[in-house]
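**Student:** Okay, sequence plus prediction incoming.
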Amino acid sequence: MSAMLMIIHNSIIDALNFDSLHAGDDQRDRDRAKKLLELVDSKFKISTMYMIDLTYLLTILEVKSSLDATIATIKTQFISFDDQPPIYGTNLQQFLQNNPFYNNHIPDDFVHFAKALVHSLQARFPCNDLYDSMKILDPKELPLQESALSSYGIEELKLICEHFGNQKHKSNGIPVQPLINSSECKKEWQMVKYMKSIRNYDIIIEGWHHIWSTRSQFKNQFPNVNILVNIVLLVPLSNANVERVYAFNNTSDNIEEFNWDKAFNQWKNEHVRRVNTNNV
């Protein structure tokens, strides 16, 4: 994509240069081409190179799944890192090599724009420990090595249990009972995560549907984990659903204000996911 943008950019410049000299017998066309070339000054060119590199970077990075890495890359290439000047992208580097005069004339707007982009990314994809912790219930996140399973999800489950295993109060002071029993949930998790059949699924709903279909007593054996799974299915946790996460963050309450109890009870009462509840 970056190369294609450069080809388009260079083609436009070449076309204007050609038209300014060889636009047939129409002097007006040659004059228009010359005026456009005058507008396409060095600042425009350097800004174009900058934007090509920056926008291309965003297309190849997994923003939501590796937000910290994305921001670190933007800072290194387009802002600064450890008091070192930005290194910029390939196209801008090439332009500066061919036009060394502009090494000391980089517009200040470049840094301001990159910083604004970082702030925007942080606002769009805020870090939330509860949300991240619930990813332990996504089958494809399970470690492949048996030795890693014993400790997998222990710390995350503590945070989950703190949220769903304690009594809360509505804004009017009415108490809301815990959704799960924390101590029992932790015991259940130590058994559930060893179910090998669930690891064969990259899509979270397919993995749990398989469990519900093949283990008819799962709900009774692991009631607390079952509740957490149902909650997880209300919120997209997979990296493949970045766009849905993006929409959720921008059109819904943020996760701190999200009414989990209301959403779960509504889902349970309406039996939206009949394919699951029939087999639980």
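**Tutor:** That came in fine, so what should we check first? Residues are numbered from 1 along each chain as shown.
**Student:** Please parse this protein into its domains.
**Tutor:** In terms of domains, the chain is parsed into 2-124, 129-277 (source: automatic domain parsing).
**Student:** May I see those domains organised as a markdown table, with mean neighbour count and mean pLDDT added?
**Tutor:** For glycine as for every other residue, the C-beta is placed from the backbone atoms N, C-alpha and C. A markdown table is the format used below for the domains of the chain (neighbours: other C-beta atoms under 10 Å; pLDDT from 0 to 100):
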| stretch | mean neighbour count | mean pLDDT |
| --- | --- | --- |
| domain 2-124 | 14 | 76 |
| domain 129-277 | 15 | 78 |
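**Student:** how close does residue 82 sit to residue 75?
**Tutor:** Distance, residue 82 to residue 75, using C-beta to C-beta, to the nearest Å: 10 Å.
**Student:** should've said residue 69
**Tutor:** 11 Å.
**Student:** Correct me if wrong: residue 61 contacts residue 73.
**Tutor:** Yes: judged on C-beta atoms under 8 Å, residue 61 makes contact with residue 73 at a distance of 6.7 Å.
**Student:** which neighbours do those two share?
**Tutor:** Common contacts of residue 61 and residue 73, defined by C-beta atoms under 8 Å, 6 or more residues apart in numbering, are absent altogether.
**Student:** Please enumerate the strands of this protein.
**Tutor:** 168-169, 175-176 (DSSP state E).
**Student:** Let's have the ones you listed in TSV, adding distance to residue 219.
**Tutor:** Shown next, in TSV, are these (distance: least, C-beta to C-beta, whole Å):
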stretch	distance to residue 219
strand 168-169	24
strand 175-176	22
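**Student:** Relative to residue 103, tell me which of those strands wins on proximity.
**Tutor:** strand 168-169 (57.5 Å; C-beta to C-beta).
**Student:** Check the offset of that closest one from the chain's centre.
**Tutor:** Distance of strand 168-169 from the chain centroid (C-alpha atoms, centre = their mean, to the nearest Å) equals 31 Å.
**Student:** Straight-line length of stretch 88-107, end to end?
**Tutor:** 13 Å (C-alpha to C-alpha, to the nearest Å).
**Student:** cool, and stretch 157-174?
**Tutor:** 26 Å.
**Student:** Could you do stretch 84-92 as well?
**Tutor:** Using C-alpha to C-alpha, the end-to-end distance of stretch 84-92 comes to 17 Å.
**Student:** What are the contacting residues of it?
**Tutor:** With contact meaning C-beta under 8 Å, 6+ apart, stretch 84-92 is reached by 2, 6, 46, 49-50, 52-54, 56-57, 76-80, 93, 96, 111, 114.
**Student:** Among those, which are located in helices?
**Tutor:** If you go by DSSP state H, the contacts of stretch 84-92 have 2, 6, 46, 49-50, 52-54, 56-57, 93, 96, 111, 114 in helices.
**Student:** and the two most separated of the residues you listed?
**Tutor:** 6 and 111 (22.6 Å).
**Student:** Which parts of the stretch 51-200 of the chain are helices?
**Tutor:** Ranges of helices within the stretch 51-200 of the chain are 67-74, 90-98, 109-124, 129-133, 146-149, 154-164, 182-192, based on DSSP state H, counting those that start in this stretch.
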